[in-house]
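*Asks:* return atomic coordinates for the entry below.
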Amino acid sequence: MNRLLHILLTYFISASCFAQVFQPEWIESKHVASRYIPVYRPADIPKETKLPVLYMHDGQNLFESKSAYGGKEWRIDETLDSLIQNKLIRPVMVVGIWNNGEYRRCEYFP
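*Replies:* Modelled structure (predicted):
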């Protein structure tokens with residue numbers, strides 16, 4: 001948990017005014033299998049601004065085709081950029097949590 005907090009704080013300190021998806025290193029946990037956790041922060045929002053956070057599963061599908069299942073991303077960053085720019089929603093951060101591939105079904109279904 002401390003490692004994740006450190007990575008997120010490092011991201012916010014270095015964030016620019018451009019929307020970006022920050023891909024931290026592989027996150028280790030003693031509670032679940034290790035995984036990537038990408039973070040999206042919208043454009044033109046000062047880095048000290050507190051934002052609501054949307055946590056999304058299947059994080060490998062959210063932002064990039066190269067990591068998405070079947071090569072088809074969900075385009076979350078582009079969609080949010082457009083909605084925020086057109087003032088249809090308030091700015092929001094997204095934390096994507098990758099599933100564990102072969103054990104995806106066990107993680108999401110009882």
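
*Asks:* which intervals of the chain have sub-threshold pLDDT?
*Replies:* 1-20, 22-25 (pLDDT under 70).

*Asks:* show me where it has strands.
*Replies:* 20-22, 39-41, 53-57, 93-97 (DSSP state E).

*Asks:* roughly how far is the second one from the heart of the chain?
*Replies:* Between the centre of strand 39-41 and the centre of its host chain there is 5 Å, according to Cα atoms, centre = their mean, to the nearest Å.

*Asks:* by contact count, what packs against that strand?
*Replies:* With contacts taken as 3 or more Cβ pairs under 8 Å, 6 or more residues apart in numbering; DSSP states H and E, strand 39-41 sits against helix 2-14, strand 20-22, helix 76-85, strand 93-97. For every residue, glycine as well, the C-beta is placed using N, CA and C.

*Asks:* now render the strands of the chain as CSV, adding distance to residue 28.
*Replies:* Below are the strands of the chain laid out as CSV (distance: least, Cβ to Cβ, whole Å):
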stretch, distance to residue 28
strand 20-22, 18
strand 39-41, 17
strand 53-57, 19
strand 93-97, 14
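
*Asks:* many thanks, have a good one.
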